[in-house]
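Colleague: Let me see the structure of the following:
(one chain, ligands or ions: 3)
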Amino acid sequence: MLRNRALQTVHAAAKRHVTSQVRNYSRRALTTLAAFPDLRMETMVQTTSKHGMDVIHDPLLSKGTAFSMSERERLGIRGLVPPRTQEMDKQLKRIIRNLRECKTPLEKFIFMNALQDRNETLYYRLLIDNLEELSQIVYTPTVGEACQRFHSIYRRSRGMYFSSLDRGQMSAMVHNWPHDQVDVIVVTDGSRVLGLGDLGANGMQIPIGKLSLYVAGGGIRPTSILPVVLDIGTNNEELLNDPLYLGMGHRRLEGEEYYSFVDEWVHAIQSRYPNALIQFEDFKYPHAYNLLHKYQDNICCFNDDIQSTSAVALAGVLAALKARGQAITDLNEERIICVGAGSAGVGVCEGIVDCMVEQGKVTSREDAYRRIWMLDQHGLLGNPHIASTDGSKPTSLGLGDRTSLDERQMCYLKKDMKDRMTLEEVVKSVKPTVILGLSGAPGVFTEGAIRAMAEGVEKPVVFPLSNPTRQSECSAEQAFKWTDGRAIFASGSPFKDVEYNGKTCKVNQINNVMSFPGLGLGITVSRASRVTSKMFMETAITIANMASEDQLKSGILFPGVSALREISKEVAVRVCEVAHEQGLARAQLRQGVSLKNIIEESMWSPHYVPLIRISQD
Ligand SMILES: NC(=O)C1=CN([C@@H]2O[C@H](COP(=O)(O)OP(=O)(O)OC[C@H]3O[C@@H](n4cnc5c(N)ncnc54)[C@H](O)[C@@H]3O)[C@@H](O)[C@H]2O)C=CC1
Ligand SMILES: CC(=O)C(=O)O
Ligand SMILES: [Mg+2]
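Modeller: Ligands and ions are numbered 1, 2, ... in the order given. This next block holds a predicted model:
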């Protein structure tokens, strides 16, 4: 009787809490509840109306073998799981042993996927405790292969799909998602998945992987994330001809049809989740930019490949200056080549230009553009009117078949240099100090180009940032070999450190995963209404200042993925501050509590909490 009354108190408290989590319930109830061995003062509890097998099969509730005896009684699952209660530490031992028995990265991916589908708490504990090893499975590089094989390895649905069949239905469909509170949505149209091209609806693994890292690295709640694919078709012939492909079997919608489709989705999602942060991911150029410009001033959104990559690449360049013993305010003294003139290349270079302008050592934006040389698949963005030294004619009027260059790319066009110069020619002419690869083209950092670069600078900054590993512009080993071990090196996907002439050459990873979880956390906690370029700039500076002097001396630019929660905390604090400074924060600051404490308190971490059953009314 007393127990029931105590539980009623908990139920009542639970109903008042949107998070379904109850803390500090009444002292009397607690005294009574002391009889429940798993419920103690200060214990967080999770309530559910589910019962029996429904609890066991819900990955957000399931504890596998870890249900306490009282929970087994309360939830009607006594006898439905093996009799011995095994806590998480034992489960982790078993799961790691099984994971390590998987022979290939893809097998490990499938294993992790299955774990996420049955027990998310355990999945995230495992991921957080082994972030460096397992981010390479749930994220790049293995997620790339998982996307290519998505239709072959498909097991169970996760996330939401909006397809061309759903026109006119989307605002009703968004109510099919089972959670009322969504903080972060990652959406892709699968048109440029990593450096692997158009993978259509198979791109779903990217939002799922990114959001896993939002939870593991940024402490966002697993119930508050939503992975989305906009299935606007695919131009990938292989997928179109594959009977097992799960997406729509037509070519991509383009033009007005494309933009009105995305618009319907944005309005639908806004109608149910007006405060959610939307991350646009792996949209091909120029859709990526067009969508960003259409929505960034009206809703809380950003493009990961353009803006978040820009933050982390800028952080890498600034940290490299520190590693060389230069001031980070001397960015204008660098000569930077960027190979790749798409979303990521243009986005990263815009971030560098913004920073040069902010530092005040360039006379104008144009002056900053002059310090960056950009190449696309044809070579340097140069002047088609300058005659070639090889005797070939200048390209015809205007830009020849470069007519597709837009105003963003034109800013980098070098009027005093021949169009389409090869990378090696550009390097010899420009003597760069920094080279960035955002082309998705493996091996474009040739031996000739990198050796020529290393002749002109003591510590060349070599950042082949394309993903996954096999799309990298060069390998770590090549970069160190061709620069006599002098390179400051970072890649988009992980490489191992390299032993060169008896010295360990450090490999850094520059991937937007270093920035988006912290950014999302800062936006969520401050309830910022918009995402601004200042937030990305400050994210870059925060990350650039994270390595110690000793780390910088040894070639480490900032802590790696294993420190992601720490990095995210720092980034989130700065993003919150910027949101308040810019008048965009809708959450009140709490008197006497530091932002860091607020951020720390709000970060979800995976622990089993007692489950309590409540009636459905
Ligand atoms: N490390 C990171 O955090 C990130 C890395 N990336 C990587 O950057 C790459 C490009 O992504 P997006 O810019 O979104 O793609 P995109 O398709 O918009 O642009 C690719 C650009 O590379 C150029 N390109 C292609 N082949 C080339 C070649 N052989 N030589 C020189 N340029 C060439 C194209 O002309 C185009 O300008 C992808 O591999 C992606 O994985 C993208 C975002 C974040
Ligand atoms: C990391 C990432 O977002 C990309 O390669 O597209
Ligand atoms: Mg991406």
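
Colleague: what about the nearest residue to residue 482 once chain neighbours are set aside, distance to ligand 1?
Modeller: Among residues not flanking residue 482 along the chain, residue 450 sits closest, at 4.2 Å (Cβ to Cβ, 6 or more residues apart in numbering). Backbone N, C-alpha and C define where each C-beta goes, glycine included. Per Cβ to the nearest ligand atom, to the nearest Å, residue 450 is found 14 Å from ligand 1.

Colleague: ok, residue 450 touching residue 486?
Modeller: No. Counting by Cβ atoms under 8 Å, residue 450 sits too far from residue 486 to count as a contact (10.8 Å).

Colleague: Spit out the contact partners of the residue nearest to residue 482.
Modeller: Counting by Cβ atoms under 8 Å, 6 or more residues apart in numbering, residue 450 touches 435, 460, 462, 474, 478-479, 482-483, 487.

Colleague: May I ask which helix or strand encompasses it?
Modeller: helix 447-456 (DSSP states H and E).

Colleague: Tell me which residues of that helix come out buried.
Modeller: 449-450, 452-454 (16 or more other Cβ atoms under 10 Å).

Colleague: Greatest separation within those residues: which pair is it?
Modeller: 449 and 454 (9.8 Å; Cβ to Cβ).

Colleague: residues near the nearest residue to residue 79 once chain neighbours are set aside, how many?
Modeller: Among residues not flanking residue 79 along the chain, residue 72 sits closest, at 8.0 Å (Cβ to Cβ, 6+ apart). Using other Cβ atoms under 10 Å, residue 72 has 17 neighbouring residues.

Colleague: I'd say residue 72 and residue 83 touch.
Modeller: No. In this structure, residue 72 is not within contact of residue 83 by Cβ under 8 Å, at 9.4 Å.

Colleague: which non-adjacent residue is nearest whatever residue of the stretch 101-250 of the chain ends up closest to ligand 1?
Modeller: For the stretch 101-250 of the chain, the residue closest to ligand 1 is residue 195, as judged by Cβ to the nearest ligand atom, at 2.7 Å. Computed as Cβ to Cβ, 6+ apart, the closest residue to residue 195 that is not its neighbour in sequence is residue 440, at 2.9 Å.

Colleague: Report the contact partners of the one you found.
Modeller: Neighbouring residues of residue 440 by Cβ under 8 Å, 6+ apart: 192, 194-196, 340, 466-467, 471.

Colleague: can you pull the pLDDT of it?
Modeller: Note on residue 440: pLDDT of 97.

Colleague: In three-state terms, label it for me.
Modeller: At residue 440 the chain is in coil, as set by DSSP: H, G, I helix; E, B strand; the rest coil.

Colleague: Got phi/psi on it?
Modeller: Phi and psi for residue 440, reported as degrees, to the nearest 10, are phi 70, psi 10.

Colleague: before we move on, which element is the spatially closest residue to residue 330 that is not a sequence neighbour in?
Modeller: Once flanking residues are discounted, residue 330 sits nearest to residue 321: 6.4 Å by Cβ to Cβ, 6+ apart. With secondary structure defined by DSSP H and E, residue 321 is part of helix 309-323.

Colleague: just checking, what packs against that helix?
Modeller: Under the contact criterion of 3 or more Cβ pairs under 8 Å, 6 or more residues apart in numbering; DSSP states H and E, helix 309-323 touches helix 343-359, strand 434-437, strand 461-464, strand 488-491, helix 533-544, helix 549-553.

Colleague: Can I get the third one as PDB, trimmed to CA atoms?
Modeller: If I follow you right, that is strand 461-464. Presented in PDB, the C-alpha positions along strand 461-464 are these (Å, rounded to 0.1, in the frame of the first residue of the first chain):
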ATOM      1  CA  VAL A 461      51.300  22.000 -43.700                       C
ATOM      2  CA  VAL A 462      49.800  19.000 -45.600                       C
ATOM      3  CA  PHE A 463      46.100  18.400 -45.000                       C
ATOM      4  CA  PRO A 464      44.500  15.800 -47.400                       C
END
